[in-house]
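**Q** the following comprises the amino acid sequence and a computationally predicted model.
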Amino acid sequence: MTTTATPATVPPASIARRVAAWLHRHRGTRLVVILALPLVWLGLIYIGSLFVLFLNAFWKTDPFTSLVIQEFTLDNFIELFTTSVYRTVTLRTVGMAALVTVTCIVLAFPIAFYMAKVASVRKRSVLAVAILMPLWASYLIKAYSWRLILSEEGVLDWVLKPLGLTGPGFGEIAVWLVFTYLWLPFMILPIYAGLERIPNSLLEASSDLGGRGWMTFRRVVLPLSFPAVVAGSIFTFSLTLGDYIVPGLVSTTQFIGNVIVINVAQDLPFAAAYSLVPLFIIIVYLLIARRLGAFEAF
Amino acid sequence: MHLRRMLGLLASAAIIAGACSSGSASTAPSQAASAAAPSQAASGAPSQAAATPGPSLPTELGSTQGQTINVLSWPGYVESGATDKAVDWVTDFQTSSGCTVKYQVFGTSDEAYSLFTTNPEEFDIISASGDASLRLVRGGFVQPFNLALSKSYPDIFPALKDKPYNTVDGVSYGVPHGRGSNLLMWRTDQVNPAPTSWAQMFDPASGYKVSIYDAPIYIADAAVVLMKTRPDLNIKNPYALDDTQFAAAIELLNKQKPAVTQRWVDYTKQMSDFTSGTSNVGTTWQIITNLLKLQTPPVAVDVIKPVEGATGWSDTWMVNSKTKNLACAYAYIDHLTSPAVNAKIAEWFGEAPGNSKSCALTVDTTHCATFHADDDAFWQDVWYWQTPTAECVDGRTDVTCKSFDDWIKAWTEVKG
């Protein structure tokens, strides 16, 4: 015969409550529990894969089967630094990234300033939606649309025809246009966020002290919003540095990404070695940004 | 307080990055693929695959019911009615066999090799051209094929059997599928007179807007031209180039460069360039011409095999050494190489069928004559893609030839 359990008169504390109470008493464990997942994610998935990439760069492949041979060699780096085409491609990519970044800053600043300091609340939200909307469309659709716009007898040629002009066609100018279009929102939004944080009273104070428009902009607005510009430029610069789809679609020119892609299939260690180049460039970029006071200004 | 502001800025940046996740997702698959490869390399999986001998010849295939096979194929080789309702050799097979067929297409042999080898268990069968097949065999990625289990094999043209790109050391690695030649296409409404030779396409003075195939193997196309225009170089096989011959081919490609308006891998890209007029002369496949003529409005194009001959392909259906769906893999290869289906594919893609009985079954009764399916003389100047190796593939032993990794580096340099 079995005995049945008698129902408890006092409801026991639920498991969740007891765990919460225990965690409250053990602060160290609580920290570990909260940070474990993000740390594993960061450590294993991000840093771990970067480490494998780094390791691969020192290996080589079988020239016939393209299989990776795990033998230490510096050949990939020697080839990278002694072959002129890789230098050309690297410089071209960095140049394009810089050009796209500057163009984005020039285009984004007035828009962001208007949104943050001039526009009414209503206009501001309309503009915010207008800027965010393109981000909802697939990157590929936008890139392919530019193919239609820029192709011979495409939309741009058709629009310019009555003026006796033709579009730039496919090529490096096309790459520049498409990148600028794609990454512009990534520049506008940080600058907008940065400008919004500048109290209007500072602008008024500048004006009270006799600072005219340009003076106020140069001495007050620009220094205070500079970190935001740098934050935006990190996006536009690094996104341009890594992209290989746009150049393939609207030009016949190679950028770092294109060279990496062709080598991923055939010579993975070399692709890994070349991947370290943009990584290195970005690290240098961030260090320069820090030295410029971008991170201290806040 | 400074820190808090910066965090606020970073948070807004994170929101932006999040909003853009739809955009960056498009590049994610290839990143995932490239990320997958190093981890495999680290665990040593591929080298193990290379070391262990492939499984012995299968004799029993078992039941096809409920198996799903994933096919890696050239565009147009597997059609399920998605491109054109009438073009379908998947649905009937699925009904009759109980197999489910999925497929993915590739644009170059290099892409195929990369997809197949970085995901060693993903694809059950592959249509491999000669510049992928040997690498797949040597790497241990495909398994020996038991030809006795293929109903189609006895009917395959003898000229396609026992070739170096499908049979290694007397062991067969698959069923030949068909062969074709790369062709020269031009816009008949823009280019007059019609081009007759590759040499014209390589000469910027012709004034063409040229579209070329974007793969290292395209260097062989330059070598084919040099075989005619530079007899002093004494090129016997465009895939066996010593230092001097290779340098001449690269020089020719550099000379062509000002005329090149697009390089294509994705055939839809070449189609859009010919439609818009960005390019008006180019190296192509028959299927691209067919599709351009089918467009509304049709694009005025024509193709020829130029006087120099051409590079081309001879493809073989091969089976993954790690497949778990052997029954459906064999069954579908048999279906694809059977007289009726092989005829459909040959007509759809625009190539010579591999099955000799297909010639009686094509809708266009002259198809086999047009594509010289049984005319071995025609194929004398068609150089099937094959992987260049340091040991010259034309049999020379007194020199070392440029191997494929040299071709890849050189192709990067030609593109500049």
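**A** Here it is on my side, so go on.

**Q** would you mind measuring from A:Leu140 to chain B?
**A** Using Cβ to the nearest Cβ, to the nearest Å, one gets 5 Å for the distance from A:Leu140 to chain B. Glycine gets a C-beta too; all of them are placed from N, C-alpha and C.

**Q** next: A:Glu152.
**A** A:Glu152 is 5 Å from chain B, by Cβ to the nearest Cβ.

**Q** A:Ser120 too?
**A** Taking Cβ to the nearest Cβ, one finds A:Ser120 at 21 Å from chain B.

**Q** who touches that residue in this structure?
**A** Not one residue lies near A:Ser120 by Cβ atoms under 8 Å, 6 or more residues apart in numbering or on different chains.

**Q** per-residue pLDDT of it, please?
**A** The model reports A:Ser120 with a pLDDT of 92.

**Q** which stretches of chain A have low pLDDT?
**A** Applying pLDDT under 70 to chain A flags the ranges A:1-12, A:293-298.

**Q** using CSV, write out every CA atom in stretch B:84-99.
**A** In CSV, the C-alpha atoms belonging to stretch B:84-99 read as follows (Å, rounded to 0.1, in the frame of the first residue of the first chain):
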residue,chain,number,x,y,z
ASP,B,84,10.1,27.2,-67.9
LYS,B,85,7.0,25.1,-67.1
ALA,B,86,7.7,22.8,-70.0
VAL,B,87,11.3,22.2,-69.0
ASP,B,88,11.1,19.7,-66.2
TRP,B,89,13.0,16.4,-65.5
VAL,B,90,12.7,16.5,-61.7
THR,B,91,8.9,16.1,-61.1
ASP,B,92,8.5,12.9,-63.1
PHE,B,93,11.5,11.3,-61.5
GLN,B,94,10.4,12.2,-58.0
THR,B,95,7.0,10.5,-58.7
SER,B,96,8.5,7.4,-60.2
SER,B,97,11.4,6.9,-57.8
GLY,B,98,10.2,8.2,-54.5
CYS,B,99,13.3,10.4,-54.2
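
**Q** A:Pro155 contacts A:Ile149, correct?
**A** Check again: residue A:155 is Val, not Pro. Yes. Taking contacts as Cβ atoms under 8 Å, A:Val155 lies within contact range of A:Ile149: 4.5 Å.

**Q** between those two, which one's more packed in?
**A** Neighbours were tallied for A:Val155 and for A:Ile149 using other Cβ atoms under 10 Å in any protein chain shown; the higher tally belongs to A:Ile149 (19 against 14).

**Q** from the contact counts, what lies against the helix or strand containing the more buried one?
**A** For A:Ile149, the host element (DSSP states H and E) is helix A:139-150. Helix A:139-150 is packed against helix A:155-160, helix A:172-196, helix A:245-250, helix B:21-25, with contacts defined by 3 or more Cβ pairs under 8 Å, 6 or more residues apart in numbering or on different chains; DSSP states H and E.

**Q** quick one: closest of the ones you listed to A:Glu79.
**A** helix A:245-250 (22.1 Å; Cβ to Cβ).

**Q** which residues are in contact with that closest one?
**A** The contact list for helix A:245-250 (Cβ under 8 Å, 6+ apart) reads A:139-140, A:143-144, A:146-147, A:150, A:170-171, A:174-175, A:178-179, A:182, A:253-255, A:257-258, B:26-27, B:269.

**Q** just the buried members of those residues?
**A** Applying 16 or more other Cβ atoms under 10 Å in any protein chain shown to the contacts of helix A:245-250, the neighbour count classes A:139, A:143-144, A:146-147, A:150, A:170, A:174-175, A:178-179, A:182, A:253-255, A:257-258, B:27, B:269 as buried.

**Q** surely A:Val259 meets B:Trp411?
**A** No. The criterion here is Cβ under 8 Å, and A:Val259 misses it with B:Trp411 at 10.3 Å.

**Q** what is the end-to-end distance of stretch B:98-110?
**A** Using Cα to Cα, to the nearest Å, one end of stretch B:98-110 lies 32 Å from the other.

**Q** that stretch near chain A at all?
**A** Yes. Using Cβ under 8 Å from any Cβ of the partner chain, stretch B:98-110 reaches chain A at B:Asp110.

**Q** how's the chain carved up into domains?
**A** No chain specified, so I'll use chain A. A:17-56, A:84-291 (automatic domain parsing).

**Q** chain B was what I was after
**A** Listed domain ranges for chain B are B:55-180+B:313-384, B:183-284+B:390-415 (source: automatic domain parsing).

**Q** kindly reformat the ones you listed as CSV containing mean pLDDT and distance to A:Val100.
**A** As requested, the domains of chain B are arranged in CSV below (pLDDT from 0 to 100; distance: least, Cβ to Cβ, whole Å):
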stretch, mean pLDDT, distance to A:Val100
domain B:55-180+B:313-384, 91, 28
domain B:183-284+B:390-415, 93, 21
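
**Q** reformat those domains as TSV; add distance to A:Gly242.
**A** Shown next, in TSV, are those (distance: least, Cβ to Cβ, whole Å):
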stretch	distance to A:Gly242
domain B:55-180+B:313-384	19
domain B:183-284+B:390-415	18
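
**Q** looking at these, which is closest to A:Val129?
**A** Closest to A:Val129 of those is domain B:183-284+B:390-415 (Cβ to Cβ; 31.8 Å).

**Q** just the endpoints, please. Distance across that closest one?
**A** 22 Å.

**Q** hmm, that domain in reach of chain A?
**A** Yes. Legend: contact between domain B:183-284+B:390-415 and chain A by Cβ under 8 Å from any Cβ is shown at B:216, B:260-263, B:269, B:272-273, B:276-278, B:390, B:403-405, B:408-409, B:411-413, B:415.

**Q** give me the buried subset of those residues.
**A** Applying 16+ other Cβ under 10 Å to those flags B:216, B:260-263, B:269, B:272-273, B:276-278, B:404-405, B:408-409, B:411-413, B:415 as buried.

**Q** run a quick neighbour tally on the closest residue to B:Ile126 other than its chain neighbours.
**A** In this structure, B:Ile126 finds its nearest non-sequential neighbour in B:Leu72, 4.4 Å apart by Cβ to Cβ, 6 or more residues apart in numbering or on different chains. By other Cβ under 10 Å, 26 other residues sit near B:Leu72.

**Q** run through the bridge partners of B:Leu72.
**A** B:Gln104, B:Ile126 (DSSP bridges).

**Q** cool, B:Leu183 as well?
**A** According to DSSP bridges, beta-bridge pairing links B:Leu183 with B:Thr284.

**Q** what's near enough to touch it?
**A** B:Leu183 makes contact with B:283-286, B:289, B:303-305, B:310, according to Cβ under 8 Å, 6+ apart.

**Q** for those residues, work out which two are farthest apart.
**A** Farthest apart among the contacts of B:Leu183 by Cβ to Cβ are B:Thr289 and B:Ala310. That separation is 14.2 Å.

**Q** report the secondary structure state of the most centrally placed residue in chain A.
**A** Centroid-nearest residue in chain A: A:Phe235, 3.2 Å away (criterion: Cα atoms, centre = their mean). Counting by DSSP: H, G, I helix; E, B strand; the rest coil, the backbone at A:Phe235 sits in helix.

**Q** quickly note the distance from the closest residue to it other than its chain neighbours to A:Thr236.
**A** Of all residues beyond its chain neighbours, the one nearest A:Phe235 is A:Phe186 (3.9 Å), with distances taken as Cβ to Cβ, 6+ apart. Counting by Cβ to Cβ, to the nearest Å, the gap from A:Phe186 to A:Thr236 is 6 Å.
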